[in-house]
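Asker: sequence first, then the predicted structure, then my questions.
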Amino acid sequence: MKALEVKNITKRFPGILANDHINLSINKSEIYSIVGENGAGKSTLMKIIYGLYTQTSGEIYVFGEKVKINNSNDAIKLKIGMVHQEFMLIPRFSVTENIVLGQEPKRGIFFDRKTAVKEIKEISDRYGLKVDPLEKVENLPVGIQQRVEILKVLRRGAEILIFDEPTAVLTPEEAEDLFKTLSFLRDSGKTIIFISHKLKEVMAISDRIAVLRRGKLQGVVYKEKTNKQELARMMVGRDVVLEIPAALVKRGDTITSVRNLTVKNNRGIVGLKDVSFDVHSGEILGIAGVEGNGQAELIDALIGFTKPVSGSISLSGEKVKSINPHNMRERGMAYIPEDRKRRGLILPFRIKDNMIMGQHNKKPFSRNGILNDMEIDSFAEKKIEEFDVRPRDIYAKAANLSGGTQQKVLLARELSIWHNFILAAQPTRGLDIGAMEFVYKMLIEEKKRGIAVLLVSLELSEIMGLADRILVLYEGEIIGEKKPGETSEEDLGLMMLGLKKKEKVV
Amino acid sequence: MDNTSLLNSSLTQTMDYAAPILFAALGGVMSENAGVFNIALEGIMRFAAFFGVWGAYISGTPWIGLLWGIGIGIVIGSLHAYITVKWAGDQIVSGVAINVMSMGIITYLLELIFKTTGYSPPVPYFGSSVNRIHIVFIENIPFLGAFSNLTILVWFAIILTVLMHFMLYRTVFGLRIRSVGENPYAAETLGINVVRIKWFAVIMGSIFAAFGGMALSLGTLSSFTNAMANGKGFIGLAAMIFGKWTPFGAMAASLLFASAQVIQLLLQVAASGFAKLIPLGFYLALPYILTIGALIGVVGRAVPPAADGEPYKKE
């Protein structure tokens, strides 16, 4: 049986054809993935199905019937539910309140909390989605918050569930849990539409995969009959280098060295214990580990946000006496933060403003406290050309750019400041494969120039491909050092989980 | 006067002072729980204080004055909602505009209607001993006796606090109001009519503030004075914050601020020896100093509704 069919869906925005005659036919009880780069039209199509946009032309059929979906209420009535990428939750409300809001059980005018809690327990048991109905959402980890979103959709009787890039905010473990949930939901008769640009995930869970590029459907394939390489080619329209090319560079002098570093996190707990390592010129040192094993503490200490409890950090071969971001940067550190929206860019500012942040008080960008707009503009124009930032508009607000473009603006800024060391914290988080490829290229270029790079990442394949040496962090300690050629993802995985004993340490 | 009656009358006086502050604070609680700042409370109180007196003056009864006051509360509330909800305008700017407007318009109307500049002539009011609600059998009981001689407005303020608590935290409607103040976009995706709820909350809040204005001109006094509302609307706003945007919190804060006022009066009378050397200004400033102190002590911990003050624009 067909759960959802769209026929010749076209959506035209001023100047852009976001969806161009798209035809999809999705079966009941299947996990149907829709992949494509940012801006390929995935979200637009989903918003049309969920009633947030109206199509310019084309038809939608739900369970065989032709329908008109004018708003999200219509969609809910047709048993279509959406788990948004940015959760639609109220942090200060309880799990129960969040789930029932809008369709609350009542006694007269009063909110019937008891019945509501009972109801939540029931559906949470039925779908194996464990939650504490009385806990406030603000106290829950992101993975559980997403569970609340799913329960909200299920309680409203959804048969077709749309997941808009659901793993973007999850840790790898949480993502695993989500995949189990999705399979369970499929097996109990629900239809899942999974939007993503992460090929690994799509290959792991889909039954069928539709690929969009620039608003057009490129094809629909069965998972068994395709592979990542083919999908990537369909998405990008050319061969993509998924394998990162090895760049052999002679390792040079020590640029950065960390000695016996111990750091407390903001909860006052020691998150990093007695860690020592060196990063050399022309070398990428990878830090692997499951999230929450000391990476955040290491990064915060290196950039100078947190004062270490003990230990020292040397940059450019010299011990840093007073650890704060200004001093770290003055001594040659460039920083690519994992959360570019909070730490990397000032979103309401324009591209040109973001490009000079940190150098804004230096010549030629300002003199005696007055900004020199001409210099700033010509610098920004040069950089957006060099880093292929699209749109080529230095006045565009950072908030309106895609994740990949934001990352390019950030890289353009960080790499144009004098540096000999790059602290890259999950530099490809949330990026599509085109942008990912760009970041890899930049890092390899920098390495060839003799820059020392510290790459902290949760993606093992990324570390295996880029790093010259890999350190594994587990519970705040370095429990091993490996060379990519001498180890495998499985081996590293075991170390990351603490299942292999401490090995040779630098 | 014996001690019991001094205690009781001081407490009654405290409640008389607290009522206008509490009404304003409840108005703020109502509006801000739906995510709309209302710093126009002061101006709305001034409008209602005047219109209440005007209505009572023409009709000869404070009840008609009360209706006039409610009426002007609805008008000003609608204006604030029209600017901030309908057009998603800046809530602070709208509030300031209403406050400034109240200064000019009311001063003009005072001259136009009563041909005076400072005061309106006295009118029948709820605070007169005839109109107060006497409960004779509790008169001589310490503490409880304070409730033997209240105005209808004070009683209404107490009842309104309780009603609002139940409305906000026990009813479906209250849950929805708070959801709009916390995350209107989430509320909208769940089929809640955000715009309608905001309109309702702003106008209701404005009506409560109007009661506060009338608690001044028809409750504690029997006429309008041109200095009204004398900052009571802003103190109400402080009480709302101090009370963490909850009705009972607002009530506790209003009583605290009002008791400072009464203690100040008592101290002035009772001051002897060294205390006599302290200038009068210090006693007058005492309630405000206490207000600032209380706010400094609490402000780090008081968390407003998450989307408070953010204009809501549909996609």
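Answerer: Thanks, I have it.

Asker: residues near residue 215, how many?
Answerer: Going with chain A. Close neighbours of A:Gly215, defined as other CB atoms under 10 Å in any protein chain shown, add up to 22. For every residue, glycine as well, the C-beta is placed using N, CA and C.

Asker: meant chain B actually
Answerer: B:Ala215 has 34 nearby residues by other CB under 10 Å.

Asker: the one 10 residues further on too?
Answerer: Counted with other CB under 10 Å, the burial measure for B:Thr225 works out to 17 neighbours.

Asker: equivalent analysis for the one 3 residues further on, please.
Answerer: By the criterion of other CB under 10 Å, B:Met228 has 25 neighbours.

Asker: check A:Lys321 too.
Answerer: A:Lys321 has 7 neighbouring residues, counting by other CB under 10 Å.

Asker: equivalent analysis for the one 3 residues further on, please.
Answerer: Burial of A:Asn324, expressed as a neighbour count using other CB under 10 Å, amounts to 13.

Asker: give me the neighbour count for the residue in the stretch 101-250 of chain B that chain A sits nearest to.
Answerer: Of all residues in the stretch 101-250 of chain B, the one sitting closest to chain A is B:Leu190 (3.2 Å; CB to the nearest CB). Other residues near B:Leu190 come to 21 when the count uses other CB under 10 Å.

Asker: now it: how far from A:His84?
Answerer: As judged by CB to CB, to the nearest Å, B:Leu190 and A:His84 stand 12 Å apart.

Asker: same thing with A:Arg350?
Answerer: Taking CB to CB as the criterion, A:Arg350 is separated from A:His84 by 28 Å.

Asker: same thing with B:Tyr185?
Answerer: 9 Å.

Asker: the two: who's more crowded?
Answerer: A:His84 (20 against 17).

Asker: still on that earlier bit, pull the contacting residues for the residue of the stretch 101-250 of chain B closest to chain A.
Answerer: Listed by CB atoms under 8 Å, 6 or more residues apart in numbering or on different chains, the contact set of B:Leu190 reads A:Met88, A:Leu101, A:Gly102, A:Gln103, A:Lys152, B:Ser179.

Asker: and chain B, which of its residues are near chain A?
Answerer: Counting by CB under 8 Å from any CB of the partner chain, the positions of chain B adjacent to chain A are B:170-176, B:178-179, B:182-183, B:185-187, B:189-192, B:306, B:315.

Asker: quick one: buried ones out of the residues you listed?
Answerer: Taking 16 or more other CB atoms under 10 Å in any protein chain shown as the criterion, what is buried in the residues of chain B next to chain A is B:171-176, B:178-179, B:182-183, B:185-187, B:189-190, B:192.

Asker: of these, which belong to helices?
Answerer: B:Val172, B:Phe173, B:Gly174, B:Leu175, B:Arg176, B:Arg178, B:Ser179, B:Glu182, B:Tyr185, B:Ala186, B:Ala187, B:Thr189 (DSSP state H).

Asker: count the neighbours of the residue lying closest to the third one once chain neighbours are set aside for me.
Answerer: Same thing as B:Gly174. In space, and not counting its chain neighbours, B:Gly174 is closest to B:Leu168: 4.0 Å by CB to CB, 6 or more residues apart in numbering or on different chains. Applying other CB under 10 Å, we find 19 residues neighbouring B:Leu168.

Asker: now the helix or strand hosting B:Leu168 against helix B:172-182, angle please.
Answerer: Taking DSSP states H and E as the definition, B:Leu168 sits inside helix B:152-170. Orientation check (axes from the mean of the first three to the mean of the last three CA atoms, to 10 degrees): helix B:152-170 against helix B:172-182 gives 80 degrees.

Asker: list the buried residues for helix B:152-170?
Answerer: Those would be B:Ile152, B:Leu153, B:Val154, B:Phe156, B:Ala157, B:Ile158, B:Leu160, B:Thr161, B:Met164, B:His165, B:Met167, B:Leu168, for helix B:152-170 by 16+ other CB under 10 Å.

Asker: again with stretch A:434-453
Answerer: So for stretch A:434-453, counting by 16+ other CB under 10 Å, buried means A:434-440, A:442-444, A:446-447, A:450-453.

Asker: tell me which of the residues you listed is nearest to chain B?
Answerer: For the buried residues of stretch A:434-453, the residue nearest chain B by CB to the nearest CB is A:Ala435; the value is 25.8 Å.

Asker: could you find the closest non-adjacent residue to the closest one?
Answerer: A:Ala435 sits nearest to A:Gly404 (CB to CB, 6+ apart), 3.0 Å away.

Asker: spell out the secondary structure type for whichever residue of chain A sits closest to chain B.
Answerer: Relative to chain B, the nearest point of chain A is A:Gly102 (3.2 Å; CB to the nearest CB). Recorded secondary structure, A:Gly102: coil (DSSP: H, G, I helix; E, B strand; the rest coil).

Asker: how near is it to B:Ala187?
Answerer: Taking CB to CB, one finds A:Gly102 at 7 Å from B:Ala187.

Asker: hey, what's in contact with both of the two?
Answerer: Shared contacts of A:Gly102 and B:Ala187, defined by CB under 8 Å, 6+ apart, comprise B:Arg176.

Asker: quick one: list the elements packing against the one helix or strand in chain B whose mean pLDDT sits lowest.
Answerer: Ranked by mean pLDDT, DSSP states H and E, the weakest helix or strand in chain B is helix B:274-277, scoring a mean of 72. Packing contacts for helix B:274-277, counted by 3 or more CB pairs under 8 Å, 6 or more residues apart in numbering or on different chains; DSSP states H and E, involve no helix or strand.

Asker: change it to 10 Å
Answerer: helix B:247-270 (3 or more CB pairs under 10 Å, 6 or more residues apart in numbering or on different chains; DSSP states H and E).

Asker: burial measure for B:Gly127, as a count.
Answerer: The local packing of B:Gly127 (other CB under 10 Å) involves 20 other residues.

Asker: that one touches B:Ile133, doesn't it?
Answerer: No - B:Gly127 is beyond contact range of B:Ile133, at 11.1 Å (criterion: CB atoms under 10 Å).

Asker: shared neighbours of those two, which are they?
Answerer: Jointly contacting B:Gly127 and B:Ile133 under the rule CB atoms under 10 Å, 6 or more residues apart in numbering or on different chains are B:Leu150, B:Thr151, B:Ile152, B:Val154.

Asker: any idea how far the second one is from B:Gly205?
Answerer: The spacing between B:Thr151 and B:Gly205, counted by CB to CB, is 22 Å.

Asker: just the pLDDT at A:Gln146, thanks.
Answerer: pLDDT for A:Gln146: 94.

Asker: that one contacts A:Leu170, correct?
Answerer: Yes - judged on CB under 10 Å, A:Gln146 makes contact with A:Leu170 at a distance of 7.0 Å.

Asker: the two: who's more crowded?
Answerer: A:Gln146 (26 against 17).

Asker: quick check: buried residues in stretch A:63-75?
Answerer: A:Phe63, A:Val67, A:Ile69, A:Ser72, A:Ala75.

Asker: does A:Val263 have beta-bridge partners, and which?
Answerer: A:Leu272 (DSSP bridges).

Asker: per-residue confidence for B:Gly300?
Answerer: pLDDT recorded at B:Gly300 is 58.

Asker: just checking, what packs against the longest helix seen in chain B?
Answerer: Determined from DSSP H, the single longest helix within chain B is helix B:3-33. Helices and strands touching helix B:3-33, by 3+ CB pairs under 10 Å, 6+ apart, are helix B:41-59, helix B:62-81, strand B:149-150, helix B:152-170, helix B:172-182, helix B:194-214, helix B:232-242, helix B:247-270.

Asker: out of those, deepest packed?
Answerer: Burial of the helices and strands packed on helix B:3-33 is given as mean neighbour count (mean count of other CB atoms under 10 Å in any protein chain shown); helix B:41-59 ranks first at a mean of 28.
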